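> give me a 3D structure for the following:
(2 chains)
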Protein chains: 2
Amino acid sequence: MNDPKNIFTEMGEVKFDQDPFQKGGSDYFNPAEFRRLVEARRSVRKFTNEIIPDSVIADCFDLALLAPNSSNLQTWEFIRVKTTAIKEQVAYACFSQSAAKTAAELIICVARTDNWRAHSKQMLEEFKKLPIETPKVAKTYYGKLVPIVYSVGWLNILTPFKWIFNTIGGFFTVVPRDPISSFGIKTWATKSCALACENLMLAIRAHGFDTCPMEGFDACKIKKAVGLKGGAEIVMVIAAGKRADGGIYGPRLRFNKSQFLKEV
Amino acid sequence: MNDPKNIFTEMGEVKFDQDPFQKGGSDYFNPAEFRRLVEARRSVRKFTNEIIPDSVIADCFDLALLAPNSSNLQTWEFIRVKTTAIKEQVAYACFSQSAAKTAAELIICVARTDNWRAHSKQMLEEFKKLPIETPKVAKTYYGKLVPIVYSVGWLNILTPFKWIFNTIGGFFTVVPRDPISSFGIKTWATKSCALACENLMLAIRAHGFDTCPMEGFDACKIKKAVGLKGGAEIVMVIAAGKRADGGIYGPRLRFNKSQFLKEV
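Have a look, this model is predicted:
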C-alpha cells in the first residue's frame, strides 16, 4: 500500500529544534490572524475541479503531525486516496455525499490501536539520536510504564483486573481509570488523531482550500477499498478542494456559549 | 455549578454570518503564519505565576467552539477551574504533575454523551430563528435520522439489533457501522471535543500563552471535585499559563513521516 515513491517518503526525518527548549516560540503573538483563519474555515460540501498541489498537501500533513498527541506515541495514520477507482469506492462508502463526490482530495484519518507498543520502543531508540541526554524518568516511562498503562491483554483479559486494581487503589491514591479495555484504547487513539485532524483542516484552509470532515461512512467498505486491517479505526474522512459557489449549505450556527462553558 | 455571573454568560447568542454562504472566507490565505503558530505551540510543563486575562480566555473558548463537530450536535463542554481549593484537587488528580501544579488555568474538556438528543431538538428550534428557510432535508435529518443513528437503548439493548441490521444491510448497500453502543457514543463525542481542544490550544498560543494537554489523570476524582455526573467523559485536562524557563522538557520529536502518511 505504501508506494515507496510517494511524495511523503522523502519528507521526514526525525527532527529536533536547534534550541531544544525553543524559547523562540514563546514570543509568538497573533490572535487576530488565528481568528481570521478559524472563521474562514467552514465545512464545504461542494468543490470545483481545481486540484490541490502536492506541495500544499505535503505541507498540511507536516503541520497535522505537529499536533500534540498522547505520550507522543503518534498513534495516527493518514491515507491520501489518489487512485480514481479507489476514490470512487470511498465516495460511495461516504453515502455518495456531494463533499465526497466533488472533492479534489479524500483523506482517510486513522487511529492506530495496534502500534503504541512498537512506538514506545521507537521512542527509546529516537532518544539515542538526540543531541542531549534524555532524563532517566523519560526512559523509564517508555520502557516500563507505557506497557503497563496501555496493555489490555488478549481479548481484554486484563480488563477486570485493571478495573479492580484501579477501583481499590482509588480509595487510597490517584489512579488512571482508563484505558482498561480495547474500547478505551480506541477512544484514546481517536483523541490524538482528532487533534491532528483539526490541524490538518486549518492548514488546508490557511493554504486557500477547504475541507469537509465526514463521519457518516461505511467503515468496512472503506477499509476494504484502501486495504486497512484490524487495529485501524477510521476517525473521519476529510474531503478537500477549492470551495465551489454554494458549497456552504447554511449560516454558521452554534448554541449559546453558556451551554458549554462553566466555571467552578 | 454554573455561576450566572461568570464571564461566559453574556458572551454568546446564536450567531449567523451576515452572508450565509460566507464567500469572504474562501479568500483567506496565510500558510506561513499558521506554520509559525503550530511550530510555536509546544507542550509546556512549567508556568510562571502570570495570570491569563479573562478576555483572553473568553476569546480562546470562542474559537474552540468554532471547531467543526459531528452533525453540529456540539457534544462538548469546558470547565474552567477557578476556585483555589478545587484547582488543588484537580492538580492532585493529575498526578500532581508540574504542568497542573503551576498552571494559571486548568480547563477540563468534556465529551457529553448525554445531550445529543436535546441538541438535535435544539437544532430544529434554532433553524426557526435563521434569516433563511432551512431545507427540508436538514429538518428531517435532525428530526428523524439523528434519533435512529445515535440511539443505543437502555444498557445498550439496541446494540445487537443494530449490529445485525448493519451487517446484513452491508452486503447490499452502504451502512453506518458506528456508533452502535455506548462505547461508540463515547468515542464519537470525544472526537468532536478533541477538535475543539486543538483550536483551544492554538488560540491560547496565538494569544502569547502556552498549554499542556494532560491525559494522565484520575477521572473519578476530577468528576467528584468539579461536580460532573454520568454522561460526562473527560477527554483531557488542559493546563495553561505563561511559559516558564525550562518549561519545555525536550526537543520536539516526531517519527519519520513515511510511517504515518500513505497514498493509495
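
> now do the same for residue A:1: its pLDDT.
On the pLDDT scale, residue A:1 is placed at 37.

> same check on residue A:16?
Residue A:16 is assigned 45 on the pLDDT scale.

> ok, now residue A:24?
At residue A:24, the predicted lDDT confidence score is 65.

> please parse chain A into its domains.
Domain ranges of chain A: A:43-113+A:196-251, A:117-182, per automatic domain parsing.

> select, out of the ones you listed, the one closest to residue B:125.
Between residue B:125 and the domains of chain A, the tightest spacing by CB to CB is seen for domain A:43-113+A:196-251, at 14.9 Å. Using the backbone N, CA and C atoms, a C-beta is placed for each residue, glycine as well.

> which SS state does the residue positioned nearest the centre of chain A fall under?
In chain A, the C-alpha closest to the average C-alpha coordinate belongs to residue A:193, at a distance of 2.2 Å (CA atoms, centre = their mean). Recorded secondary structure, residue A:193: helix (DSSP: H, G, I helix; E, B strand; the rest coil).

> tell me the pLDDT at it?
According to the model's per-residue confidence, residue A:193 sits at a pLDDT of 98.

> buried deepest among the domains of chain A, which one?
The highest mean neighbour count among these, using mean count of other CB atoms under 10 Å in any protein chain shown, belongs to domain A:43-113+A:196-251: a mean of 21.

> want to throw the domains of chain A into a markdown table with mean pLDDT?
As requested, the domains of chain A are exported to a markdown table (pLDDT from 0 to 100):
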| stretch | mean pLDDT |
| --- | --- |
| domain A:43-113+A:196-251 | 97 |
| domain A:117-182 | 94 |
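
> would you convert those into a markdown table that also reports distance to residue B:225?
Shown next, in a markdown table, are those (distance: least, CB to CB, whole Å):
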| stretch | distance to residue B:225 |
| --- | --- |
| domain A:43-113+A:196-251 | 22 |
| domain A:117-182 | 12 |
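
> for chain B, which of those domains is the nearest?
Comparison of the domains of chain A against chain B by CB to the nearest CB identifies domain A:43-113+A:196-251 as nearest, at 3.5 Å.

> check the secondary structure at residue A:121 for me.
helix.

> out of everything not next to it in sequence, what's closest to it?
Leaving aside its chain neighbours, residue A:121 sits nearest to residue A:142 (7.6 Å; criterion: CB to CB, 6 or more residues apart in numbering or on different chains).

> cool, residue A:151 as well?
residue A:158 (6.1 Å).

> helices along the stretch 51-200 of chain A, start to end?
With DSSP state H, counting those that start in this stretch as the criterion, the stretch 51-200 of chain A has helices at A:54-64, A:84-93, A:98-102, A:116-129, A:136-140, A:146-150, A:159-169, A:182-206.

> show me the contacts for the residue nearest to residue A:121.
Contacts for residue A:142 (CB atoms under 8 Å, 6 or more residues apart in numbering or on different chains) come out as A:71, A:120-121, A:123-124.

> what does residue A:208 give?
A:242, B:26-29.

> do that again at 6 Å, thanks
Contacts for residue A:208 were tallied using CB atoms under 6 Å, 6 or more residues apart in numbering or on different chains; they are residue B:29.

> helix, strand or coil for it?
Three-state call for residue A:208 (three-state DSSP): coil.

> quick check on it: phi, psi?
When read as degrees, to the nearest 10, the backbone of residue A:208 gives phi 90, psi 10.

> returning to that earlier point: wait, the residue nearest to residue A:151 sits on residue A:152?
Yes. Contact status for residue A:158 versus residue A:152: in contact at 5.3 Å, counting by CB atoms under 6 Å.

> chain center to stretch A:175-189: distance?
Taking the mean of its C-alpha atoms, stretch A:175-189 sits 17 Å from the chain's own mean (CA atoms, centre = their mean, to the nearest Å).

> for that stretch, measure first residue to last.
20 Å (CA to CA, to the nearest Å).

> quick check, it touching chain B?
Yes. In terms of CB under 6 Å from any CB of the partner chain, part of stretch A:175-189 sits within range of chain B, namely A:175-177, A:183, A:186-187.

> swap in stretch A:213-224?
Yes. Part of stretch A:213-224 sits close enough to chain B to count as contact by CB under 6 Å from any CB, namely A:213, A:215, A:218-220.

> narrow these to those in strands?
Secondary structure defined by DSSP state E assigns residue A:213 of the residues of stretch A:213-224 next to chain B to strands.

> quick one on the thing from earlier: mind picking the two most distant members of the residues of stretch A:175-189 next to chain B?
Spatial extent of those (CB to CB) is set by the pair A:175 and A:186 at 20.9 Å.

> hmm, stretch A:58-69 in reach of chain B?
Yes. For a cut-off given as CB under 6 Å from any CB, stretch A:58-69 has contacts with chain B, namely A:61, A:63, A:65-66, A:68.

> same question, stretch A:253-262
Yes. Looking at stretch A:253-262 against chain B by CB under 6 Å from any CB, the contacts come from A:253-258, A:260-262.

> check contacts around whatever residue is furthest in space from the centre of chain A.
Centroid-distance maximum for chain A: residue A:172 at 35.5 Å, with CA atoms, centre = their mean. Under the criterion of CB under 6 Å, 6+ apart, residue A:172 has no contact partners.

> also residue A:110?
With contacts defined as CB under 6 Å, 6+ apart, residue A:110 is in contact with A:77, A:232, A:234.

> just the closest of the residues of stretch A:213-224 next to chain B to residue A:101, please.
The nearest member of the residues of stretch A:213-224 next to chain B to residue A:101, counting by CB to CB, is residue A:218 at 15.0 Å.

> so that closest one touches residue B:174, yeah?
Yes. Under the criterion of CB under 6 Å, residue A:218 lies in contact with residue B:174, with a separation of 4.5 Å.

> dihedrals phi and psi, residue A:261?
Backbone dihedrals for residue A:261, given as degrees, to the nearest 10, come out at phi -110, psi 120.

> give me the neighbour count for it.
Per other CB atoms under 10 Å in any protein chain shown, the neighbour tally for residue A:261 reads 26.

> what does residue A:28 give?
Burial of residue A:28 is recorded as 18 neighbouring residues (other CB under 10 Å).

> beta partners for residue A:47?
Here residue A:47 shows beta-bridge partners residue A:243, assigned using DSSP bridges.

> so how far is residue A:36 from it?
Note on residue A:47: its distance to residue A:36, by CB to CB, to the nearest Å, is 22 Å.

> same thing with residue A:216?
Taken as CB to CB, the span from residue A:216 to residue A:36 is 30 Å.

> kindly report the same for residue A:168.
Between residue A:168 and residue A:36 the distance, using CB to CB, works out to 52 Å.

> swap in residue A:44?
Distance check for residue A:44 against residue A:36: by CB to CB, it reads 17 Å.

> again, but for residue A:190
Look at residue A:190 and residue A:36: by CB to CB, they are 29 Å apart.

> more neighbours: which of these two?
When neighbours are counted by other CB under 10 Å, residue A:190 comes out ahead of the other of residue A:190 and residue A:36, with 28 against 16.

> what pLDDT is listed against that one?
According to the predicted model, the pLDDT of residue A:190 comes to 98.

> correct me, but it touches residue A:234?
No. Contact status for residue A:190 versus residue A:234: not in contact, 9.7 Å apart, counting by CB under 6 Å.

> I'd like the distance between the residue of the stretch 151-264 of chain A at minimum distance from chain B and residue A:250.
In the stretch 151-264 of chain A, the residue that lies nearest chain B is residue A:257 (3.1 Å; CB to the nearest CB). If you measure residue A:257 against residue A:250 using CB to CB, the figure is 20 Å.

> thanks again, I'm all set now.
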